[in-house]
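Visitor: Here is a sequence together with a model predicted from it:
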Amino acid sequence: MEHFRKVPAVVRASKVQVLNRVRWLWEDLPDGYDSFWFLDIYLAVAAVRFVPKNVRQQAGWYLYQTMALYQMIIGLLDMIYALQNLTDVLAAIWYTMSFFAILLCLVKHYIVLRHYEAIHELRIFLNQQSFCSGDPAFDGKIRKRCTVVASILIIRVKTEQEILAKNFELMMQTCLEENFFGSYQNSNRARKQFWDHTKNHLKTVLDQQHELLKHLEQLKSLVEPLFFFIYYASLIIVGTVFVVILREPLSFMTMVILSSTTISALECYFLCYLLDSFKDVNETITDHMFCFCSQLPHSGDHHADYVDVRATLMVVGYFCRHGMSFQCAGIGDISSAVFADLVNISYSVLTFLLNVL
């Protein structure tokens, strides 16, 4: 009886904890708070990763994973039975696609576990919030906007990129303010202060960019293989499943199938859109660098500083524009145009199957 008396208190404590987490989605996060807590819940629900704290949790986790294995075995048996009895071609297509979707989930499972160490390092880096643009209001606003979808690593990395772009913009405005050029031409001290300040600020910004690019490489090693399987799976599933839906009478099950197929296509589109947005932010950073290059003041006594800073900005700007891209085997750079091609090819598959079956 004593155990049951404690249940309401435990429920109230859990409720308060959940409400605090939800409230923090719209408020500034406290120091040291892990904004990726929902990612851990999602991975556990998906039977991907969970760290048991005791023997009972470990036993429950093994049982939960066994249920997922049972579902896979049932899907395999359904597919084998449907292929052995080809009296219903549409049923054979549906069961084959269902098992194919289960295999895709297992592939995603493997890729995430294989790259989990890189994911963990990226989470630590993003939770530190070490980047600062020089405008605290901008930094707080953009990070607060991002907390609603904080479980998505790509969006958080893009947020840090936007802060870095703002840093370049403010650096250019600070170094090239309106009343600067008059004092630069007339004062040796002003020229020395300008180049010292510019090189120090530029070094800080480039160090931040180097750190961000290092984590982007880790993210790239995770995203590219994931997108490869998501894209080609969507290529096969979307057109094929729509054949089943169009040939079968409308029912609750066909609506579920349609929803699942739509989500699969949207997953591919969402990745294409996010990776396209990376290019937009990189393009903004490049524009700031080249604009800064064109406005750098020149003087004979600081010619070496002028050449050094200008060359650095041009090299880094060129790398930002061309050096960092996400690619997929067979389709090149990942962008929104790739999703448009996916829709066209899926439509071709759909019309072909409708004519054949």
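Guide: Great, that's in hand.
Visitor: okay, which residue is most central for the chain?
Guide: The residue lying closest to the centre of the chain (Cα atoms, centre = their mean) is residue 154, at 2.1 Å.
Visitor: that's a strand at that residue, yeah?
Guide: No - according to DSSP: H, G, I helix; E, B strand; the rest coil, residue 154 belongs to no strand; its state is helix.
Visitor: In contact with it, which residues?
Guide: Under the criterion of Cβ atoms under 8 Å, 6 or more residues apart in numbering, the contact list for residue 154 reads 219, 223, 271, 274, 275, 278. No exception for glycine: its C-beta is placed from N, CA and C like everyone else's.
Visitor: Those residues in helices, which ones?
Guide: Among the contacts of residue 154, DSSP state H puts 219, 223, 271, 274, 275, 278 in helices.
Visitor: Not counting its neighbours along the chain, what's nearest the last one?
Guide: If you skip the residues right next to it in sequence, residue 278 has residue 158 as its closest partner in space, 6.2 Å away by Cβ to Cβ, 6 or more residues apart in numbering.
Visitor: Thought residue 273 was touching the one you found, still the case?
Guide: No - at 10.9 Å, residue 158 and residue 273 do not qualify as touching, with contact defined as Cβ atoms under 8 Å.
Visitor: More neighbours: which of the two?
Guide: Legend: neighbour count by other Cβ atoms under 10 Å for residue 158 and residue 273, higher for residue 158 (19 against 13).
Visitor: Buried ones in the helix or strand that contains that one, by neighbour count?
Guide: In this structure, residue 158 is located in helix 153-175 according to DSSP states H and E. If you call a residue buried by 16 or more other Cβ atoms under 10 Å, then helix 153-175 has these buried ones: 153-154, 156-172, 175.
Visitor: Then stretch 193-202?
Guide: Residues of stretch 193-202 classed as buried by neighbour count (16+ other Cβ under 10 Å): 194, 195, 198, 201, 202.
Visitor: where along the stretch 51-200 of the chain do the helices fall?
Guide: Assigned by DSSP state H, counting those that start in this stretch, the stretch 51-200 of the chain shows helices spanning 55-84, 89-114, 116-128, 136-146, 153-175, 180-186, 188-247.
Visitor: how about these, which one is nearest residue 343?
Guide: If you check each of the helices of the stretch 51-200 of the chain against residue 343 by Cβ to Cβ, helix 188-247 wins as the nearest, at 8.1 Å.
Visitor: Which elements pack onto the closest one?
Guide: Using 3 or more Cβ pairs under 8 Å, 6 or more residues apart in numbering; DSSP states H and E as the contact definition, the elements that helix 188-247 packs against are helix 89-114, helix 116-128, helix 153-175, helix 180-186, helix 252-295, helix 303-322, strand 327-328, helix 336-356.
Visitor: Please convert these to CSV, extending it with mean pLDDT and distance to residue 50.
Guide: Compiled in CSV, the helices and strands packed on helix 188-247 are given as follows (pLDDT from 0 to 100; distance: least, Cβ to Cβ, whole Å):
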stretch, mean pLDDT, distance to residue 50
helix 89-114, 81, 12
helix 116-128, 79, 12
helix 153-175, 78, 19
helix 180-186, 66, 57
helix 252-295, 81, 23
helix 303-322, 84, 39
strand 327-328, 80, 30
helix 336-356, 83, 33
